[in-house]
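**Student:** take a look and give me a structure for this.
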Amino acid sequence: MHIQPATFADVSELATLSAAAMALDECIGLHGFLCPYGHAYPLSRREGFLRRVKGRFYQGGVTMFNMVTDTFDPDYDGTSRIIGHIGMSSTLTDPNAESLDDRIWNALNLRLHRAEDFVRWYIGSDHSTSNANVRAFLATQKTIDPADYLDPKGRHYHFCEYLVVSPDHQRRGIGKALVEFAQARARAERVPILLTSSVAGVRFYESCGFREVAKLPFAEGSGIEDPLMLWEPEGLEKDAISNG
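**Tutor:** Numbers count the residues shown, from 1 in each chain. Purely as a prediction, here's the structure:
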């Protein structure tokens with residue numbers, strides 16, 4: 001297996017992978033806070049993942065990589081499959097790095113994508129979600145900036161937007177390999193990595209060198225708090241987290 005950049009041609013496979021990998025997640029799982037009816041409407045839930053994956057490509061600012069199978073894998077059947085995926089954003093990203101044509105095209109697609117999302121929300125076509133819970137989530141997230149926990153504030157950092165591994169390939173070191181890949185990139189740029197974890201994921205990220213620095217509210221009424229995790233390259237100034 002090897003790591004390679006994700007492309008727009010991967011969106012369908014990534015949606016299926018994400019829906020399966022997050023099936024037990026307390027936020028967006030089959031019985032999660034945002035998708036309490038996902039178990040009854042699994043296709044609607046997967047469609048939601050598909051829209052989000054598309055949006056990441058259109059919006060830009062997130063660098064995405066896949067772990068894919070290859071001929072060196074003992075269970076390789078002649079077809080390369082995506083078995084893991086990671087997405088990283090960075091305050092170092094230059095918004096003007098894309099060509100003007102690409103920015104115009106992506107902006108147009110993003111506007112159409114958001115219009116489609118609004119129509120789906122307005123008519124309630126996604127039967128897997130709770131509109132009230134989604135509104136509570138969005139309202140809460142607007143008040144949170146993980147960078148507030150960095151000291152000094154304003155320093156650059158990478159943020160792990162998501163990490164998913166196929167349920168059939170978990171506990172094989174794939175997630176750790178993707179995290180180490182992200183850490184190598186951050187180490188080269190001398191910046192820390194922030195991410196929000198599920199409670200169940202804290203031990204895994206601690207094994208990758210992260211430490212919990214705060215608990216962030218997920219949504220009013222959810223009872224969920226997301227552990228905020230920090231990893232810093234060796235040699236960066238210690239005590240980088242504000243205690244206040």
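**Student:** with adjacent residues omitted, what lies nearest to the residue nearest the centre of the chain?
**Tutor:** Taking CA atoms, centre = their mean, the centroid of the chain lies closest to Tyr162, which sits 2.0 Å from it. In space, and not counting its chain neighbours, Tyr162 is closest to Gly87: 5.1 Å by CB to CB, 6 or more residues apart in numbering. Glycine gets a C-beta too; all of them are placed from N, C-alpha and C.
**Student:** isn't the one you found up against Met64?
**Tutor:** Yes: counting by CB atoms under 8 Å, Met64 is a contact partner of Gly87 at 4.6 Å.
**Student:** which residues do these two both contact?
**Tutor:** Common neighbours of Gly87 and Met64, using CB atoms under 8 Å, 6 or more residues apart in numbering, are Arg56.
**Student:** contacting residues for Thr140?
**Tutor:** Thr140 touches Pro217, Phe218, Ala219, Glu220, counting by CB under 8 Å, 6+ apart.
**Student:** ok, the closest residue to it other than its chain neighbours - contacts?
**Tutor:** Leaving out its chain neighbours, the residue that sits closest to Thr140 by CB to CB, 6+ apart is Ala219, at 4.8 Å. By CB under 8 Å, 6+ apart, the residues touching Ala219 are Phe33, Leu34, Asn133, Ala136, Phe137, Ala139, Thr140, Gln141.
**Student:** nearest to Gly60 among those residues?
**Tutor:** Ranked by distance to Gly60 (CB to CB), these are led by Gln141 at 19.6 Å.
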